[in-house]
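Quick one: sequence and predicted model below, then my questions.
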Amino acid sequence: MFAPNRTHVLVVEDNRDMREVLERSLVLWGYDAVGVQNGVEALAYLQDGGTPALIILDISMPLMDGVTFNQKLRDDPRWADIPVIVSTALPEHALPAAAAVFRKGSDDPRRLFDLVARHIQARTSTSPILERGPWMPTSDGG
């Protein structure tokens, strides 16, 4: 069960140790976290009503890899707007429509925290300035 005032993140990672470290870190950072081990389990979680504000996604996984999962995510209007941070050890691997890429083993873990916070804030902000965009004039011409 999730705490009512905490945002939740879905971690899709086949390596149990890495998944648990990510889940624990997210909890320490003030988020609720759910971990699953592949894209099949992630889709089942979403189909059962899971509503993460963000997904941290590994690329190389059994049963359904991150690329396939991401395509299914983007093809469904219920989930197409959920930001995805790719977490991979693969060099130069880009995922279409990924919000960001975090390189396991080489990126500073604080960078992951910053990425999570930034993308969740951007998705959940109700600030009129952020909705409108700081580059757009206000209705009064300013």
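Nice, I can see it.

So residue 80 sits against residue 73, correct?
Yes. Taking contacts as CB atoms under 8 Å, residue 80 lies within contact range of residue 73: 6.9 Å. Quick note: C-beta positions are derived from backbone N, CA and C, even for glycine.

who's more crowded, those two?
residue 73 (23 against 10; other CB atoms under 10 Å).

okay, that one: pLDDT?
On pLDDT, residue 73 comes in at 92.

do residue 21 as well
pLDDT, residue 21: 90.

So it belongs to a helix, correct?
Yes. Counting by DSSP: H, G, I helix; E, B strand; the rest coil, residue 21 is found in a helix.

and it, what is it in contact with?
Listed by CB atoms under 8 Å, 6 or more residues apart in numbering, residue 21 has no contact partners.

now residue 113
By CB under 8 Å, 6+ apart, the neighbours of residue 113 are 25, 29.

Let me know the helix or strand that it is in.
Residue 113 is part of helix 109-124, with elements assigned from DSSP states H and E.

Could you give the average pLDDT over that helix?
82.

which phi and psi does residue 34 have?
Note on residue 34: backbone dihedrals following degrees, to the nearest 10 are phi -130, psi 130.

Count the residues that sit near it.
Neighbourhood size, residue 34 [other CB under 10 Å]: 18.

For it, give me the pLDDT.
For residue 34, the predicted pLDDT is 94.

Can you verify residue 10 is assigned to a strand?
Yes. Judged by three-state DSSP, residue 10 forms part of a strand.

What helix or strand is the residue nearest to the spatial centre of the chain located in?
Taking CA atoms, centre = their mean, the centroid of the chain lies closest to residue 55, which sits 2.4 Å from it. Element membership of residue 55 [criterion: DSSP H and E] is strand 54-57.

which regions of the chain sit below the pLDDT cut-off?
1-5, 91-97, 105-106, 124-142 (pLDDT under 70).
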